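Trainee: Got a sequence here, can you build the structure:
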Amino acid sequence: MTKRIVVTGIGATSALGGTAPENWTNLLAGMSGTRTLPHEWIEKYQIPVHFAAEATVRPEEVLPRHEAKRLDPSTQFALIAAREAWEDAGSPDVAPERLGIDWATGIGGVWTLLDAWDTLREKGPRRVMPLTVPMLMPNAGAGNLSLQFNAKAFARTVVSACASSTESIVNAYEHLQDGLADVVIAGGAESAIHPITMASFSSAQALSRRNDDPATASRPGAIDRDGFVMGEGGAALVLETEEHAQARGAKIYAYLVGGGVTADSHHITGNDPEGLGAARAVEQALAQAGATADDVSHINAHATSTPVGDPNEYVALKRVFGDRIDAIPVSATKASTGHLLGGTGALEAVYTILALRDRIAPPTINMTEPDPAVPFKLSGDAQPLGDGDLLAISNSFGFGGHNAVVAFRSA
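Mentor: So this is what the prediction gives:
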């Protein structure tokens, strides 16, 4: 028997704000979180891109110093987002053996790893912190959340590049369906605005180079888009079986009704131009939801603002929705938040849930001239979603050919 899975708590920290409500308010207001970076390493290493979407609220402003110093920034963001979501859910009273963690990151503790390497080279092995490995490992987020919330059912980690945290939500759905837990904290976090990643993505010509106008650099669907903007932060969902949530009188934001995970097997960085894998992920999510393409009311697109990625996503969705894709309200929220890599899917899931709650698709900023190859129904203004039962999907695609899609219904 299929269980109904509900969202009872959300948390988010990004370039648009330190909490989920701040994120949503600033997203609807059309704010850009992209700014010129003030760090000396931009000049020191001659990084060609001078801007990114750094989190507005720094972790050290939220976490006690003794706690923050033992965590990589990616785990700091994980803890902040998950604590907000847990409190928002009413801090569920659940047996530790029935509480699970499904967490994600795309890169993990890059700051810890490279800071430790600098320390080793400059000061020798005795000065390398003994907690370096527990801080840099990709599963540090899941492990620390398990400790924080006394979650003993499982603490699992997905590392699937930019599809990571969407895949973690799909996993949480399946784990709840399989009866492995009654409550799961799912999501992802990333903190990779670092000289090495900025230099690497720049060398790959993946980043926008609009140093003179960073706030408008990310332009999904626009004909003059020239790459994505690096972002950082984290987002978390508290997911429960409906039975468990109702028994404790929890508020319900939305229903998580399905997910799909596929692989392109096409190219290590480029997605399939025919969109076959991405389309199958959407179809899997809809099938699990007991829905058809005609039922979808809203799409939060992956839409990174890269010249190749945006039209490939359109091709994939055209396979699923046919001509109807041109009429479905689509939001490309990375224009506002930047691209959080492994954390981006969870943040966009939060936005999708709030879009269903408020029955409004958030605006896509920086819309200049639309690209005829990407004729999504994008709007610089929020788009109403109407009345009745609403179904929305959120897409994530990552290096390695990873595709992940989640589907939510309005509560």
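Trainee: CA atoms for contacts and neighbours, from now on please.
Mentor: Noted.
Trainee: can you give me the helices for the chain?
Mentor: 20-28, 41-44, 65-68, 73-88, 110-123, 132-136, 140-149, 164-177, 195-203, 242-247, 276-288, 309-321, 334-337, 344-358 (DSSP state H).
Trainee: Buried residues, the fifth one. List them.
Mentor: In other words, helix 110-123. 110-113, 116 (16 or more other Cα atoms under 10 Å).
Trainee: List the contacts of Ile5.
Mentor: Taking Cα atoms under 8 Å, 6 or more residues apart in numbering, we find Ile5 in contact with 173, 176, 239-242, 255-257.
Trainee: let's see 10 Å
Mentor: 172-174, 176-177, 182-183, 239-245, 252, 254-258, 408 (Cα atoms under 10 Å, 6 or more residues apart in numbering).
Trainee: Buried ones among those residues?
Mentor: The buried subset of the contacts of Ile5 - by 16+ other Cα under 10 Å - is 172-173, 176-177, 182-183, 239-242, 244-245, 252, 254-258, 408.
Trainee: burial of Asp213, as a residue count?
Mentor: For Asp213, the neighbour count with other Cα atoms under 10 Å is 12.
Trainee: Let me know whether Ser336 touches Ala52 as I believe.
Mentor: No. With contacts counted by Cα atoms under 10 Å, Ser336 stays clear of Ala52, the gap being 11.0 Å.
Trainee: okay, and the common contacts of these two?
Mentor: Both Ser336 and Ala52 are in contact with 15, 33-34, 215, 217, 229, 231, where contact means Cα under 10 Å, 6+ apart.
Trainee: By neighbour count, which of those wins?
Mentor: Neighbour counts for those (other Cα under 10 Å) peak at Val229, which has 33 neighbours.
Trainee: Not counting sequence-adjacent ones, nearest residue to that one?
Mentor: Gly338 (4.9 Å; Cα to Cα, 6 or more residues apart in numbering).
Trainee: need the contact list for the one you found.
Mentor: 14-16, 32-34, 52-54, 215, 217-218, 228-232, 304-305, 344.
Trainee: Let's see which of the residues you listed end up in strands.
Mentor: Using DSSP state E, the subset of the contacts of Gly338 located in strands is Ala52.
Trainee: was I right about Ala349 contacting Ile393?
Mentor: Yes. Ala349 is within contact range of Ile393, at 8.5 Å (criterion: Cα under 10 Å).
Trainee: Overlap in contacts, the two.
Mentor: Residues touching both Ala349 and Ile393 by Cα under 10 Å, 6+ apart: 300, 405-408.
Trainee: pLDDT for these - can I get that in CSV?
Mentor: Shown next, in CSV, are those (pLDDT from 0 to 100):
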residue, pLDDT
Asn300, 98
Val405, 98
Val406, 98
Ala407, 98
Phe408, 99
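Trainee: Neighbour-wise, which one of these leads?
Mentor: Val405 (33 neighbours).
Trainee: Hmm, Thr352 and it touching each other?
Mentor: No. Counting by Cα under 10 Å, Thr352 is not a contact partner of Val405; they are 11.9 Å apart.
Trainee: Need the overlap of contacts for the two.
Mentor: 300, 393-394.
Trainee: so which of those comes closest to Pro375?
Mentor: Nearest to Pro375 among the shared contacts of Val405 and Thr352 is Asn300, at 14.6 Å by Cα to Cα.
Trainee: Looking at strand pairing, list the partners for the closest one.
Mentor: For Asn300, the beta-bridge partners are Ser331, Ser394 (DSSP bridges).
Trainee: Look up how far Asp178 lies from it.
Mentor: Plainly put, Asn300 is 27 Å away from Asp178 if you go by Cα to Cα, to the nearest Å.
Trainee: What of Thr269?
Mentor: 33 Å.
Trainee: what's the answer for Asn312, then?
Mentor: From Asn312 over to Asp178 (counting by Cα to Cα), the distance is 34 Å.
Trainee: Give me the below-cutoff pLDDT ranges for this protein.
Mentor: Low-confidence segments of the chain (pLDDT under 70): 1.
Trainee: try it again with 90
Mentor: 1, 271, 367-368 (pLDDT under 90).
Trainee: Could you count how many residues lie near the closest residue to Ile101 other than its chain neighbours?
Mentor: Leaving aside its chain neighbours, Ile101 sits nearest to Ala155 (4.5 Å; criterion: Cα to Cα, 6+ apart). Per other Cα under 10 Å, the neighbour tally for Ala155 reads 23.
Trainee: so can I have JSON lines of the shared contacts of Ala349 and Ile393 showing distance to Ser165?
Mentor: Putting the shared contacts of Ala349 and Ile393 into JSON lines (distance: Cα to Cα, whole Å) gives the following:
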{"residue": "Asn300", "distance to Ser165": "14"}
{"residue": "Val405", "distance to Ser165": "10"}
{"residue": "Val406", "distance to Ser165": "10"}
{"residue": "Ala407", "distance to Ser165": "14"}
{"residue": "Phe408", "distance to Ser165": "15"}
